[in-house]
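Asker: Any chance you could fold what I've pasted below:
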Amino acid sequence: MKAVIAIDSFKGSLNTFQSGAAVTDAIRTVYPDAEVKVCPLADGGEGTVSAVVSALNGEICEVEVCGPLGERVVAEYGVISSKKLAVIEMSAAAGITLVPDEKRNPLNTTTYGVGELILHAIEKMECRHFLIGIGGSATNDGGLGMLSALGFEFLDKDGKTVSHFGKGLRDIVRIDASRCLPSLKKCSFQIACDVNNPLCGEVGCSRIYGPQKGATEEIICDMDAWLSNYAVLTKSVFKNADASYPGAGAAGGLGFAFLSYLHASLTSGIELVIRVTELEKQIQDTDIVITGEGRLDAQSCMGKAPVGVAKAAKKYGKPVIAFSGAVTKDAGLCNEYGIDAFFPIVRTPCSLKDAMDVDNAYTNLKNTAEQAFRLIKTFSKIM
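Answerer: Coordinates of the predicted model:
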């Protein structure tokens, strides 16, 4: 028996490494001599750095940078020296979890720290390739802060540099790209992005995501107008800038900044992680692929990790089973997207707190996976 385990985290409970260990224990209980390969998994959001660093034998760097409110925070990112690759989660420097509820206001948050992480990776670690997950932002600054940290200048009517917080968008009348970091021209940026919102308008970042970041109706209207002007000014400098491009509104317009100023590509998070970690190489020579996440439902078919793994496995005709903490009534749709069978792991009625307890979840996953593999072993003898 050869098995590849690529399970996303059960958010709030097991991480990808713990999930992989639980299934490994289960398989070896049934098949003591099994060859098991655990491939840490993430979908471009939380856990992406640790998953990619583990898969590619990289290292973690800690840097003190500007947090979303302007305070100093310690942020981690990953480096794969052999590939000159930096792996960054923007939320490490500008995530909404770094901002207390009572202080959430996109006028007063910035992506400046994200730019500082990129700058550190370029100047201190000699990275030239970047994989950046942009989920979980606290910001709506259009990437103004990040770009300011990288040397782009945003000037007001008096020729002075505007604030690098969201409210700075209001004052921009001119953009000067002449003094940006020269080595950016040698860098490539792959952005893990799973939303299709444009920068502005009724489905733009201010209207759709602003409220969860603390924006009032007045702030939403103001910021949408400011971002529209910012897009026009950007296009005067970068002719290919497109505020309507799907994903331009991701992370409060950070997607637009990457696309326009850094010539980045936006890619499904799970597809990007699968490609960078070379998961398909492991899948080609296995008998079965095991995946999963905390909750399986119809939305899992819309770019989530388990279906991304199943899609890769089906290129090589491999069977795929999935385990999940919770399974909804519409989860059967996952069977049409390459997951041959899935199993909820909660075995007895219990509270959500008990179900998510790490020890309980580990035991439940191990025991459920063991029974699934006992079934596989039984039928492999019969068939």
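Asker: Please spell out which residues along stretch 12-24 are buried.
Answerer: Residues 13, 14, 15, 16, 17, 18, 19, 20, 21, 22, 23, 24 are the ones in stretch 12-24 that count as buried (16 or more other CB atoms under 10 Å). Heads up, the C-betas are built off the backbone N, CA and C, glycines and all.
Asker: what's next to that stretch, contact-wise?
Answerer: Applying CB atoms under 8 Å, 6 or more residues apart in numbering, the contact partners of stretch 12-24 are 5, 7-10, 36, 38-42, 47, 50-51, 54, 290, 292, 294, 323, 325, 355-358, 361-363, 365-366, 369.
Asker: Now the buried members of these.
Answerer: 5, 7-10, 36, 38-42, 47, 50-51, 54, 290, 292, 294, 323, 325, 355-356, 361-362, 365-366, 369.
Asker: hang on, residue 267 packs against residue 189?
Answerer: No. The criterion here is CB atoms under 8 Å, and residue 267 misses it with residue 189 at 10.6 Å.
Asker: pretty sure residue 112 contacts residue 66?
Answerer: Yes. Judged on CB under 8 Å, residue 112 makes contact with residue 66 at a distance of 4.4 Å.
Asker: what is in contact with those two at once?
Answerer: With CB under 8 Å, 6+ apart as the test, residue 112 and residue 66 both reach 145, 149.
Asker: Specify the local secondary structure of residue 154.
Answerer: Under the three-state scheme (DSSP: H, G, I helix; E, B strand; the rest coil), residue 154 adopts strand.
Asker: for the longest helix anywhere in the chain, packing partners?
Answerer: If you go by DSSP state H, the chain has its longest helix at helix 358-382. Counting contacts by 3 or more CB pairs under 8 Å, 6 or more residues apart in numbering; DSSP states H and E, helix 358-382 packs against helix 16-30, strand 320-327, strand 341-344, helix 352-356.
Asker: ok, so of the buried residues of stretch 12-24, who is nearest residue 282?
Answerer: residue 20 (12.3 Å; CB to CB).
Asker: Look up how far residue 55 lies from the closest one.
Answerer: 11 Å (CB to CB, to the nearest Å).
Asker: who touches both of those two?
Answerer: Common contacts of residue 20 and residue 55 (CB under 8 Å, 6+ apart): 39, 40.
Asker: Lowest mean pLDDT across the helices and strands packed on helix 358-382, which one is that?
Answerer: Averaged per stretch, pLDDT over the helices and strands packed on helix 358-382 is lowest on helix 352-356, reaching a mean of 90.
Asker: who touches residue 316 in this structure?
Answerer: 280, 283, 284.
Asker: For residue 62, which three-state class applies?
Answerer: strand.
Asker: What are the boundaries of the helices in this structure?
Answerer: Here the chain has its helices, by DSSP H, at 16-30, 48-55, 91-94, 112-123, 144-149, 205-209, 217-237, 250-261, 269-277, 279-284, 305-314, 352-356, 358-382.
Asker: Remind me what the fifth one packs against, helices and strands.
Answerer: Under the contact definition 3+ CB pairs under 8 Å, 6+ apart, helix 144-149 sits against helix 112-123, strand 153-155, helix 250-261.
Asker: which stretch among those comes nearest residue 76?
Answerer: Across the helices and strands packed on helix 144-149, closest to residue 76 is helix 112-123 (CB to CB), at 9.2 Å.
Asker: quick check: angle from that closest one to helix 250-261?
Answerer: 40 degrees (axes from the mean of the first three to the mean of the last three CA atoms, to 10 degrees).
Asker: remind me which residues of the protein are low pLDDT?
Answerer: Within the chain, the set of residues satisfying pLDDT under 70 comprises 383.
Asker: I'd like to check which residues are in contact with residue 305.
Answerer: 6, 8, 41, 42, 43, 270, 291, 293.
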